[in-house]
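Colleague: I would like to see how this sequence folds:
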Amino acid sequence: MKKVLAITAILLFVGSQSAEAATKVTIVNSKKISTKNGLVTIKVSKLPTKNGIYISQCMAIKEGEIKPPACNPAAASKLWISDVPADIKMGAKSSKSKLTLKVDKYFENGDCIHTKCIFYVTNDHNAVDDRSEDQAITFKFSGINLF
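Modeller: Numbering: from 1, shown residues only. Prediction:
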């Protein structure tokens, strides 16, 4: 019985540690994005130590699916954030730098005025099979409340 309790306690501790390890992504103005410039400010904390994350503007994930049906192909609507020195040398932004992203009202196969859009967060190419950082953060353009 003592072994079962000890193993349960260890599993609970490990489970709570991994739940806290997920990167915290905050979109500063996610409820009132300007329809004129579409710029958002992003704050990131608890970034993985061995890889970075990608953030992209995408259409909302449909029920029963695990990935968005379409994401904005524009380079300004994507962000690679990593604190790994080799990644920064290759163009990743440090989590300590000023992080901004430009979102569009419309993009190829996307309509963020009449339907729901998200900021889609995933692990970068260094941890492509690890889904632990997947997040879908909804946003709205200011003055538009269609959904």
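Colleague: nearest residue to the most centrally placed residue in the chain other than its sequence neighbours?
Modeller: Centroid-nearest residue in the chain, with CA atoms, centre = their mean: residue 121, separated by 2.2 Å. Using CB to CB, 6 or more residues apart in numbering and skipping residues adjacent in sequence, the residue nearest residue 121 is residue 135, 3.9 Å away. In this view, the C-beta of every residue, glycine as well, is placed from N, C-alpha and C.
Colleague: just the mean pLDDT for whichever strand or helix holds the residue nearest to the centre of the chain, thanks.
Modeller: Assigned by DSSP states H and E, residue 121 falls within strand 117-123. Strand 117-123 comes out with an average pLDDT of 95.
Colleague: for stretch 49-69, same thing?
Modeller: Across stretch 49-69, pLDDT averages out at 94.
Colleague: now stretch 74-94
Modeller: 96.
Colleague: so what touches that stretch?
Modeller: Stretch 74-94 is contacted by residues 42, 44, 47, 49-57, 71-72, 95-96, 99, 101-104, 107, 124, 126 when judged by CB atoms under 8 Å, 6 or more residues apart in numbering.
Colleague: and if we set it to 6 Å?
Modeller: 44, 47, 52-57, 95, 99, 101-103 (CB atoms under 6 Å, 6 or more residues apart in numbering).
Colleague: just the residues you listed now: which is nearest residue 31?
Modeller: Taking CB to CB as the measure, residue 31 lies nearest residue 103 of these, at 13.1 Å.
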